[in-house]
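Colleague: quick one, structure for this:
(chains A and B)
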Amino acid sequence: MANYYNIDDILTEEEFVPVVFHKAANGVLIDPSSETNSVEQGAKVELPLWLAQELCLRQAVSISAPACFNQKTRLEIQADAACVDLRSRSPYFYEFGCKIAPLVGDKTVEVLLLSAFKIRYKEILTKAYTAAHTSTLKFLTLLTKEETNLYEAAQSSMAAFKKWRKGGPRLQRASVLGRKRKPIE
Amino acid sequence: MAGQSDPHISLFSAQEVEFMAEDELIEIVPNMRMDSLNFICGDFGPFLPQIATEVPLWLAIALKKRGKCTIRPPQWMSIENLTRILEGERDSQGAFQALPFHYVEISTLLFDHARDDIPDMYMVRSLVEDIRDVRVHKVETSLEKFSGTSAVKIPNLSAMEVNIIRPFVGRALQAFYKHDNPEKIPDVDRASSGQTRVPNNEPREDMSEGGKIVPWMIIYSKNIQLDQASKVIFLLYSGL
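Modeller: Numbering: from 1, shown residues only, chains lettered A, B, ... in the order given. Model (predicted):
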């Protein structure tokens, strides 16, 4: 599978989701503050997605929508998607949403993601190709990993082109030869 | 070579695009006599003084550097033609004017090496820069317009411009495709003349398994120096 070794995918699945346990579990240390090593039935815990997914398949837990997709976020995105700080919620916002959607059975998530992404994409586009560095620093902190990749791709290709336009020698002296070497006595 | 330093960005470096541009044929007027040169790519010559010959650009630059020829600027690089193209670019909002595929690289190389062979060099140079600016701006606006598609067609884009936007658009299209998964996109008709949308016919039920369909970006361009309208198709694979 293309995504098994993908670091971004692995990190996406590290995000926490709230789950409700259907069965009691022994010998697990999920909640550091609890005295016993077990989780009772009906307890609400935050688990990473990879664990929650497996347990859900075995019918041991039921997953509810994570906090980053709650109503507050949705309202913010509807108001102005470009300024929402998605990175503070989760740096893998979009991928996380894609993975969560089939588990939680929530159809509205994809629409939300798509609309948010469209708007932010326009912003990234305009800023990536034209702007100077100082004005965009604040904007960059709002982007998720995916969007940051987009931005950097555009930036690097533009920078490479400008460097080529400036000219300069077509053959470069290797850096190893640059140092003055003492003659060996 | 292409994209080696960063495996995720499928990009030719600017020098590589320039290298490919140097294969274009250009007219020179040699001032010496030489026998014909036999290369793998073709035979050129024999070179006689003051007889115009067509050679690839790299050979022309090399001969020029040794002072053995003067380069005749190509037809499209005259002031009238460039002014006409500039007007056309400014007037039409969505479409791009037909320019040679490698016009950026050819003009840069000629300005660097064959400065005295081009009449009114400063004028030509500023015209080319203006054309490039207008086109870059147009590319940006047309990129803003598309959303929710997985294939984009932009005719008459030049090699260097394609190269600049390639990683960005590849990634963006991939992201759009990923997010568009479960729902059908409504068929919105776009009025811009330079773009068409390719309808998505692939089945979309279960994309979470393997079988990731790679979004394509097909850019058609016409090389006006060739007689038949040969279309050069660049397939951009967003890196898997």
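Colleague: roughly how far apart are the closest residue to B:T141 other than its chain neighbours and chain A?
Modeller: Spatial nearest neighbour of B:T141, chain neighbours left out: B:Q93 (7.9 Å); criterion: Cβ to Cβ, 6 or more residues apart in numbering or on different chains. All C-beta atoms are positioned from the backbone trio N, CA, C, and that covers glycine. Computed as Cβ to the nearest Cβ, to the nearest Å, the B:Q93 to chain A distance reads 17 Å.
Colleague: need the pLDDT of B:Q93.
Modeller: Taken from the predicted model, the pLDDT recorded for B:Q93 is 79.
Colleague: just B:C69 next, same as before
Modeller: Model confidence at B:C69, expressed as pLDDT, equals 88.
Colleague: circling back to that earlier point, burial count for the residue nearest to B:T141?
Modeller: By the other Cβ atoms under 10 Å in any protein chain shown criterion, the neighbourhood of B:Q93 contains 13 residues.
Colleague: for it, give me the backbone phi and psi.
Modeller: Dihedral pair for B:Q93: phi -80, psi -40, per degrees, to the nearest 10.
Colleague: for A:S62, same thing?
Modeller: Here A:S62 shows phi and psi, under degrees, to the nearest 10, equal to phi -130, psi 140.
Colleague: surely it meets A:C56?
Modeller: Yes: contact criterion Cβ atoms under 8 Å: A:S62 and A:C56 qualify, at 7.0 Å.
Colleague: higher neighbour count, those two?
Modeller: Looking at A:S62 and A:C56 with other Cβ under 10 Å, you find the greater number of neighbours at A:C56, namely 19 against 14.
Colleague: now B:F39: how far from chain A?
Modeller: B:F39 sits 21 Å away from chain A, going by Cβ to the nearest Cβ.
Colleague: and that residue, how far is that from A:K44?
Modeller: B:F39 sits 75 Å away from A:K44 when distances are taken as Cβ to Cβ, to the nearest Å.
Colleague: so where's the chain shaky on pLDDT?
Modeller: By default, I'm working from chain A. A:1-3, A:29-37, A:81-82, A:105-107, A:109-110, A:130-137, A:168-173, A:178-185 (pLDDT under 70).
Colleague: the intended chain is chain B.
Modeller: Across chain B (using pLDDT under 70), the flagged ranges come out as B:1-11, B:146-151, B:180-240.
Colleague: domain assignment for it?
Modeller: Described in terms of the TED database, the domain architecture of chain B consists of the residue ranges B:13-72, B:74-182.
Colleague: where along the chain do the helices fall?
Modeller: Using chain A here. A:7-12, A:49-57, A:71-79, A:86-89, A:93-104, A:108-130, A:133-140, A:145-166 (DSSP state H).
Colleague: the chain in question should be chain B.
Modeller: Taking DSSP H as the test, the helices found in chain B are B:14-21, B:57-65, B:79-91, B:103-113, B:121-145, B:159-179.
Colleague: grab the nearest non-local neighbour of B:M77.
Modeller: With sequence-adjacent residues excluded and distances taken as Cβ to Cβ, 6+ apart, B:M77 is closest to B:V124, at 6.2 Å.
Colleague: wait, that neighbour sits on B:I79?
Modeller: Yes: B:V124 is within contact range of B:I79, at 6.2 Å (criterion: Cβ under 8 Å).
Colleague: how near is the closest residue to B:I118 other than its chain neighbours to B:G67?
Modeller: Leaving aside its chain neighbours, B:I118 sits nearest to B:P73 (4.9 Å; criterion: Cβ to Cβ, 6+ apart). Computed with Cβ to Cβ, the distance linking B:P73 and B:G67 is 18 Å.
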